[in-house]
Every structure is written in C-alpha cells, then in structure tokens.
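Peer 1: Model the following, please.
(chains A and B)
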Amino acid sequence: MRATRLARLLLCLGVSTAAVCHAEPSSDAAILGQGSQSARIDEFRLRLSSFYQDGHGYQSKAGTLAGPGSERALIIQPQMLVGIRQSARIHHEVVIPIDIVSAASANALDVISHASAVNEAIGVELTSRFDLTDDDQLTSNLIWHEEEPFGSGSFGLGYSHAMADDNAVLGISGQATFDRFDYLQPNGDRHGRRNRTALNGNLNFSQLLSPTTVFEASYGLTFQQGTLETSYNSVPIEGGTSRTGELFPHSRTRHAAQARVAQHLPESHTTLRAAYRYYTDTFQLSAHTTEFELHQYLFPRLIARGSFRYYTQSGVDFFSSALPASESSLRPRTADSDLAPFHAQEYGLKLLWLARGQSSLDI
Amino acid sequence: MSDRARAALHTLLLWLFLALLSATSACAIVPQNRRQYLADPTMPAQDDALERRAARKFHTIREGAAGADGKPAGGGCGCGN
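Peer 2: Now for the predicted structure:
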C-alpha cells in the first residue's frame, strides 16, 4: 500500500523523460551540407510521459447520481520522433504517439464499455518540409489517429517566408480534420456512428529583437461542425434522481492568439521565457494563459528549468451541474468539468543533460 | 457582455495584435555573426516537438481552450476538446 501511494505521488508529478539523438556528420561533404543523395535518419527522439489525475466532476457517473463523480485517470504516453533527410531541400518527420489511459471514461461510461477500463490510442503524424528557396518553405502534414471508439484523419499545408536575412519569419498554415466515432449513449447503447469536421487556419510570426532576444506571435482560427458533444457524457438533473445526455450546438468557432518571448542573459548563463495566450469561442468560453520559464546552466552540459503556468477560463454558457427539470431537451447542456469556470496553477521542474555529440537526455 | 460588444472587443484585440506584429518588424537586424546566443538550446521560444505534444495532451484533456500553437483547436482525438 505504501509503495502504491509513493508510486502515485511520483506519477502525480507528471514525470516525463526524453532522449534525443542526432546524427553527427563526420565527412567534409556532410559537414558542408553536400551530403549523400540517399535518404538518411538525422534525428531520433523518444519521450515517455505520464499524467496522474485525481479529482471529481459532475459529468462522471463514478459516484452518486447527482455527482460529482470520480475523474481519476492515469495516462502513460510513449512517443517517438524520427527525422529523415531525403535531400538537401526535403526533410520528413514522423511522430508516433501512443496513449494508454486508465479509467478513460471516468467521464461517464464506467464498466459499460471496454473504453471505461483502459483505453489505448495510437497515431502517426508525418510532417514534410520542402525548401523551395533559401527563404521559402512549404510544409505538409498528415495525421492518422485511432482509439476506441474513435478514428480521425487530418491533412494540412503550410508556407513560411523568411525576411531580412532570417531575422523575421512569417508563416501561414491550414489543417482539415475529420473525426468519426461511435455514438454511445450514457446507458451504453450505441446509436450508429457520427462525424465532425474541423477547419483550422494559423498565422505565425517570429522576429529577432536583439542578439539575445526572440519574439514569436501566432493566431489560430478553428471552425468545427458536426456532433461536437461527447455522447456518453451525462448531466445531472436537479433533484439528483436522474441524468440526461450531454448536448452541444452543431458548430463552434474558436479564436486563439499567443505571444512568446525568450531573453538570454549571457553573463549569468540564464534564459527567461514568457508567454501569454488569449482564447475565446462561440460557446462563450474565454480563457487566459500565462507562462513563465527560467532556464539556468548549472554546469556547461546541465540545464535546470523552472516553470510556472497560470490558466483561467470563464466556462461555456450552457454548463450546469444540476439541470432544471423544466429545461428543454433540445437546449445545449454539459456538466463537463473541462468546460466549467475554473483556474489552474502549474509548477514544473526539468533537468536537461547535453551529452557528447548531439545527444541529450531530460527529465 | 452583449454579442455586439463581444464582437467589437474581439475585432479590437485582433487589430492590436496585428499592430504589435508590424511594430516588431521595425526592430534592428541581427547579423549572422552575432547570433551565437540565439543558437543556445534554451533559446527556442517553445519546447521541443515531443515535449510540446505531451504538454498539449495534458492541457487539452483538462481545459476548454486550445490553439494558437499551429495545431487545430479541437478535433483529432476522443478527448472531448
């Protein structure tokens, strides 16, 4: 029991370790960029992350009928990234994330479906970059994601242009995502399959402000349409004697804007990073995110990073933890804690070891 | 706040954001031979790709907001976002 509690505490810290290896050029031609014409792997990354969540939410049926129920979940996420240099101007990146989620449906299903016990998800993401000129780059992005009871495919294109001797870069990209999933009811019934689509556009800009300062800004617009609710989520009815299914509007428009800055202090071997994001959507949810990081060289090859993140959101206008019995069955409703008003504080600590060559290890 | 006021505020914030973008483009040019500190492993304004993915996963399963990181704000997983 003691070992279990200790293990849970450790996992609660969101332990994540990663190893990175880069191919180190050894020949004159490779160093000068005139390398072999054949494709080669020039980057390999592994990361293992784990998240442990313990709390309660009204959409969970793992408790009393009126809620809130348990939202306990453990997520283990191994990931792999492989960088493939096809030619001097073409580079591919393959990412394979695997999610292993216990109590995935702490949201609602609870012993109705296999997804309520343990849920596995796997995906593959292929990003290709084509250097059209020294200043212009085209990217394409293909994503496949599969989990019980959900499947998704996504395609995207992007273009970036560097200006003023790479002092500034302006980029634009778009992505189309198609989701298909079983329409499961809170009582476990399956009512066929449903779809939803998301169209996304992004604008990003980066600028060197000084020899020690980098600034980035970005804006994202996403339009979603289709069955947007999590069909097996439920909402408690006032009085605590019954629950009804979650229901969302059929479309959602989402805006997000973010600015980031990084400042290096050479005298103390320190880097400060700060970021702010504002988000709003047509569900009347608005959110502010503020992040601060301090990177400090402890030794020439050992870096420590401390981080703090503050997040606050207003909640959607149809959130309810106890739906009035007289409420129309056609009105949007949700008890999902993700969409409730709340604020969160996140503290982080990371150690990065820069090994010989171009390898690194962080925890 | 009414829908009209909210739309006006959103428009104002977007124009302020674009004005900030154009203002930063007037900054001094850093020549190639003075960029040694910009190549430091701590200087990219964002974490490495896999760390960003892990953080995004952790945040999107708990929060209603997403986006502004080059990725779609919603869809692509069964996480309800």
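
Peer 1: what's next to stretch A:314-327, contact-wise?
Peer 2: Contacting residues not belonging to stretch A:314-327 are listed as A:58, A:66-68, A:235-240, A:244, A:248, A:283-287, A:331-336, A:339-342, B:64 [C-beta atoms under 8 Å, 6 or more residues apart in numbering or on different chains]. Where C-beta positions appear, they are placed from N, C-alpha and C, glycine not excepted.

Peer 1: Buried ones only from the residues you listed, please, as a PyMOL command.
Peer 2: Selection command for PyMOL covering only the buried members of the contacts of stretch A:314-327, criterion 16 or more other C-beta atoms under 10 Å in any protein chain shown:
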select buried, (chain A and resi 58+66+67+68+235+236+237+244+248+283+285+286+287+332+333+334+335+336+339+340+342) or (chain B and resi 64)
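
Peer 1: Any regions of the chain where pLDDT drops low?
Peer 2: Picked chain A for this. Low-confidence segments of chain A, defined by pLDDT under 70, span residues A:1-37, A:102-118, A:357-358.

Peer 1: actually it's chain B I care about, not the one you picked
Peer 2: B:1-3, B:5-27, B:80.

Peer 1: What segments of it are helices?
Peer 2: The residue ranges that make up the helices of chain B, judged by DSSP state H, are B:3-24, B:49-60.

Peer 1: swap in the stretch 51-200 of chain A?
Peer 2: Assigned helices in the stretch 51-200 of chain A: none (criterion: DSSP state H, counting those that start in this stretch).

Peer 1: interface residues of it facing chain B?
Peer 2: Proximity of the stretch 51-200 of chain A to chain B, by C-beta under 8 Å from any C-beta of the partner chain, involves residues A:51, A:53, A:75, A:77, A:79, A:81, A:93, A:95, A:97, A:99, A:107, A:119, A:121, A:143, A:145, A:147, A:149-150, A:152, A:154, A:158, A:164-168, A:173, A:175, A:177, A:179, A:181, A:196-198, A:200.

Peer 1: just the buried members of those?
Peer 2: A:51, A:53, A:75, A:77, A:79, A:81, A:93, A:95, A:97, A:99, A:107, A:119, A:121, A:143, A:145, A:147, A:149-150, A:152, A:154, A:158, A:167-168, A:173, A:175, A:177, A:179, A:181, A:196, A:198, A:200.

Peer 1: Strands - which of those land there?
Peer 2: A:51, A:53, A:75, A:77, A:79, A:81, A:93, A:95, A:97, A:99, A:119, A:121, A:143, A:145, A:147, A:150, A:152, A:154, A:158, A:168, A:173, A:175, A:177, A:179, A:181, A:196, A:198, A:200 (DSSP state E).

Peer 1: hang on, isn't the fourth one packed against residue B:54?
Peer 2: Yes - counting by C-beta atoms under 8 Å, residue B:54 is a contact partner of residue A:77 at 6.2 Å.

Peer 1: Mind listing the shared neighbours of these two?
Peer 2: In contact with both residue A:77 and residue B:54: A:47, A:49, using C-beta under 8 Å, 6+ apart.

Peer 1: now, which of the contacts of stretch A:314-327 lie within strands?
Peer 2: Taking DSSP E, the ones among the contacts of stretch A:314-327 that sit in strands are A:235-236, A:244, A:286-287, A:342.

Peer 1: from these, which is closest to residue A:263?
Peer 2: Comparing the ones in strands among the contacts of stretch A:314-327 against residue A:263 with C-beta to C-beta picks out residue A:287 as the nearest, at 25.5 Å.

Peer 1: Report the secondary structure element holding the closest residue to residue A:305 other than its chain neighbours.
Peer 2: Nearest-residue entry for residue A:305: residue A:350, 4.2 Å, with adjacent residues in sequence omitted and distances by C-beta to C-beta, 6 or more residues apart in numbering or on different chains. Secondary-structure assignment from DSSP states H and E places residue A:350 in strand A:342-354.

Peer 1: Which element is encountered next along the chain beyond that strand?
Peer 2: Read in the C-terminal direction, the helix or strand following strand A:342-354 is strand A:360-362, with elements assigned using DSSP H and E.

Peer 1: ok, that next one: who's next to it in the sheet?
Peer 2: Taking DSSP bridges as the criterion, strand A:360-362 forms sheet pairs with strand A:16-22 (antiparallel), strand A:342-354 (antiparallel).

Peer 1: got a list of what residue B:69 touches?
Peer 2: Listed by C-beta under 8 Å, 6+ apart, the contact partners of residue B:69 are A:218, A:220, A:258, B:46, B:52, B:56.

Peer 1: Highest neighbour count among the residues you listed?
Peer 2: For the contacts of residue B:69, the largest neighbour count, defined by other C-beta atoms under 10 Å in any protein chain shown, is 26 neighbours, found at residue A:220.

Peer 1: partners of the host helix or strand of it in the sheet?
Peer 2: Element membership for residue A:220 (DSSP H and E) is strand A:213-226. Strands flanking strand A:213-226 in the sheet, each with its direction: strand A:190-210 (antiparallel), strand A:251-265 (antiparallel) (DSSP bridges).
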